[in-house]
Each structure stands twice: as C-alpha cells, then as structure tokens.
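just coords:
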Ligand SMILES: CC(=O)SCCNC(=O)CCNC(=O)[C@H](O)C(C)(C)COP(=O)(O)OP(=O)(O)OC[C@H]1O[C@@H](n2cnc3c(N)ncnc32)[C@H](O)[C@@H]1OP(=O)(O)O
C-alpha cells in the first residue's frame, strides 16, 4: 500500500538554513494573491494579471495533488511582499520500478532581490522536497544564460530540451 502523502506544509516546513533575516521561504498560501504573486510571475513570462478567482481555482487544483506539487515562495518580512517563487512537480513513473522524478518549474526572484542567493536557496529547497518525496532525479529546462545559475544549484547539463507549442 502506498504511504500517506504529507501535506504541502509538512513537506516543506522549516527554513533550515538559518538566514534569520528578511526572507522566509514557505509554501504558497491563498493570501499570497495580495502579496505580489502575480507581479512576481509576470517577471517570468509577460501575461495578463492573475485574477483572484483564477488564482483560487488553480490553488485548489494544485492543493488536491498534495505533496506531489509544491509551490514555494519567499516572503520579505520587511515589506510583507513576495520576493521569490518556484515550484516542483513530482512525476510518478512506471519505469525505474515505479520511480519518481522531480520537475523544477517557474523559479523567479524579484528583480530588486536578485544576486543575494535567494534564487539558489529556493531551488535547493525544491530539490530537497523532491528528494524527500523519493525522486531519483530532478530535472528542469532553462535558457543557456542560466546554465551557471543552475550549476551553482548542483545541476549538470544533460540531454536536449524540445518543445511543441500550441
Ligand atoms: C526552471 C526555471 O524556472 S528557468 C527560469 C528561471 N527564472 C528566470 O529566468 C526569471 C528571471 N531571473 C530570476 O528570477 C533570477 O535572476 C534567477 C532566479 C535566475 C536567479 O536568482 P538570484 O537570486 O539572483 O540568484 P542567486 O543570487 O541565488 O545566484 C546564485 C549563484 O548563481 C549565479 N547566477 C545567478 N543568476 C545568474 C545568471 N543569470 N547567469 C550566471 N550566473 C548567475 C550567481 O552569481 C550566484 O553565484 P555566486 O554564489 O558565485 O555568487
């Protein structure tokens, strides 16, 4: 029988890196729609602002996936606004003895907060989550300019990304 999934909150408790400073990394919450989540995501990909209704609907869908889908955010204690976000999706496979693979997606740090190690901290927390969920690897797609950033986070270049857009 499959083991019980921890809740998203349980799966990512504790910052664990003792920054004791401004940013608190934690799972996404419903209230984050009013803490700049949409503006943060627009720095990843320009798009129409996320409405509260759309945010709530998607939040509910993702919550139903339990710990197999985790969105982390970093809240700036001095402003109450979000300074970074990132997600990891745990894919359940048949191969590799029904192994699991982590997919890191949508990592972004607010332009004003870049260059202070926050992006690396968020990625490392996402990777920790995937490892704790039993993944045998974590993969992601990025542009060539981000090779050095992900190398700092422990990733090595492997294979080729392909896409087919609709
Ligand atoms: C899977 C995906 O989501 S890919 C999409 C990634 N997101 C984006 O491109 C959105 C726009 N960019 C950003 O949000 C940010 O610039 C990020 C997330 C790429 C980096 O966040 P930051 O907080 O600035 O990175 P951080 O300060 O943790 O950098 C860690 C290390 O990587 C290096 N690094 C960071 N960005 C880059 C870069 N673009 N090119 C080369 N090295 C970089 C840093 O110099 C640092 O190295 P150091 O420890 O030797 O000083």
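Arrived safely, thanks for sending. Owing to the predicted nature of the structure, the values given are computational and were not obtained by experimental measurement.

Give the burial count for the residue of the chain found nearest the ligand, as a bare number.
Across the chain, no residue is closer to the ligand than residue 119, which sits at 2.4 Å (Cβ to the nearest ligand atom). For every residue, glycine as well, the C-beta is placed using N, CA and C. Per other Cβ atoms under 10 Å, the neighbour tally for residue 119 reads 22.

just residue 27 next, same as before
19.

Over to residue 103?
By other Cβ under 10 Å, neighbour count at residue 103 equals 18.

what does residue 143 give?
Using other Cβ under 10 Å: residue 143 sits among 7 other residues.

returning to what we had before: disregarding flanking residues, what is the spatial nearest neighbour of the residue of the chain closest to the ligand?
residue 109 (4.5 Å; Cβ to Cβ, 6 or more residues apart in numbering).

pLDDT score assigned to that neighbour?
Model confidence at residue 109, given as pLDDT, is 98.

what is it paired to in the beta sheet?
residue 84 (DSSP bridges).

Just to check, it is in contact with residue 118?
Yes: the pair residue 109 and residue 118 qualifies as a contact (Cβ atoms under 8 Å) at a distance of 5.1 Å.

out of the two, which sits in the busier spot?
A side-by-side neighbour count of residue 109 and residue 118, using other Cβ under 10 Å, places residue 109 first with 23 against 20.
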